[in-house]
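Colleague: 3D model of this:
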Amino acid sequence: MEPLIQETIATRVQTVVTKIRSAEDKAGRPGGSVRLVAVTKTVIVDHVAEGVRAGLSILGENRVQEALSKIPAFSQASVQWHFIGHLQRRKVRSVIGVFDLIHSVHSLDLAHEIDRRAGEAGRRQNVLLKVNIGDEPTKTGFRADDVMRSLLSMVDLPHLCIKGLMTIPPPTADPDSARPYFRKLRELARQIVAFQIPSVSMEELSMGMSNDYEAAIEEGATLVRVGTALFGARHA
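Modeller: Next up is the predicted model:
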């Protein structure tokens, strides 16, 4: 890999981290309260490795097969893998025990399948519920007004550990236009906490990407999913 690419990726990592810390400070939040999930979809292993050397410690993948082909290359690295893409029920077995956190549980059927497969593997799987916060017909996820009912039906799933919520707001060129959606997710999490549902915590809010992660942090994100700002535009 050429030195120029190495320097560019390392510089981008440091720029994003600096912006995250600045956004934390602006919001009056403690430093380190937000974690960076580096989105490595279509990014070749050498470039991901450069990011890891520059300080990336959580890697997020959208596609199961692509992730499984990359993960062995980092067996000696101190990194976590998060699954952040659309997960099909038929591929659940492949992700159990591989990913520290699944961000994108979008239905009750998927939740039950994860619980079943985790049980077979003798594990508890950490997950986030994906909320279709903009109620967009083309997106998967729980409707905001249906999350509580769905959560109550998951309480008896012993191999599922619900850690919080995830969302992707409607696309916009202006990061500030996403703020109302981020606030809505934060408020939904607060409402859930007040109900004190067993085995459910709201410690994580996964929201914000390359174009709006600073606004998301100011509105309460604990995990931001950043790809383009770290590795450049995707080519596939």
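
Colleague: which sections of this protein are below the confidence cut-off?
Modeller: When residues are selected by pLDDT under 70, those of the chain lie in 1-7, 235-236.

Colleague: mind listing the strands for it?
Modeller: Secondary structure of the chain (DSSP state E): strands located at 35-39, 58-61, 80-83, 101-105, 125-132, 142-143, 160-167, 200-206, 223-226.

Colleague: Report the buried residues of the helix of greatest length in the chain.
Modeller: The longest helix of the chain (DSSP state H) is helix 3-26. If you call a residue buried by 16 or more other CB atoms under 10 Å, then helix 3-26 has these buried ones: 6, 8-9, 12-13, 16-17, 19-21, 23-24. Heads up, the C-betas are built off the backbone N, CA and C, glycines and all.

Colleague: next one: stretch 146-158
Modeller: Judged by neighbour count using 16+ other CB under 10 Å, the buried positions of stretch 146-158 are 147, 151, 154, 157.

Colleague: And those, which is closest to Lys41?
Modeller: For the buried residues of stretch 146-158, the closest approach to Lys41 (CB to CB) belongs to Val147, at 26.5 Å.

Colleague: how much space is there between that closest one and Thr18?
Modeller: Between Val147 and Thr18 the computed distance is 34 Å (CB to CB, to the nearest Å).

Colleague: what are the C-alpha coordinates of the longest helix of the chain, in CSV please?
Modeller: Presented in CSV, the C-alpha positions along helix 3-26 are these (Å, rounded to 0.1, in the frame of the first residue of the first chain):
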residue,chain,number,x,y,z
PRO,A,3,2.5,5.8,1.9
LEU,A,4,0.1,8.5,0.7
ILE,A,5,-2.9,6.3,1.3
GLN,A,6,-1.6,5.3,4.7
GLU,A,7,-1.1,8.9,5.7
THR,A,8,-4.5,9.9,4.3
ILE,A,9,-6.4,7.2,6.3
ALA,A,10,-4.5,7.9,9.5
THR,A,11,-5.2,11.6,9.1
ARG,A,12,-8.8,11.0,8.5
VAL,A,13,-9.1,8.9,11.6
GLN,A,14,-7.6,11.6,13.7
THR,A,15,-9.8,14.2,12.2
VAL,A,16,-13.0,12.2,12.9
VAL,A,17,-11.9,11.5,16.4
THR,A,18,-11.1,15.1,17.1
LYS,A,19,-14.6,16.1,15.8
ILE,A,20,-16.2,13.5,18.0
ARG,A,21,-14.4,14.8,21.1
SER,A,22,-15.3,18.4,20.1
ALA,A,23,-19.0,17.5,19.7
GLU,A,24,-18.9,15.7,23.1
ASP,A,25,-17.5,18.9,24.7
LYS,A,26,-20.0,21.1,22.9
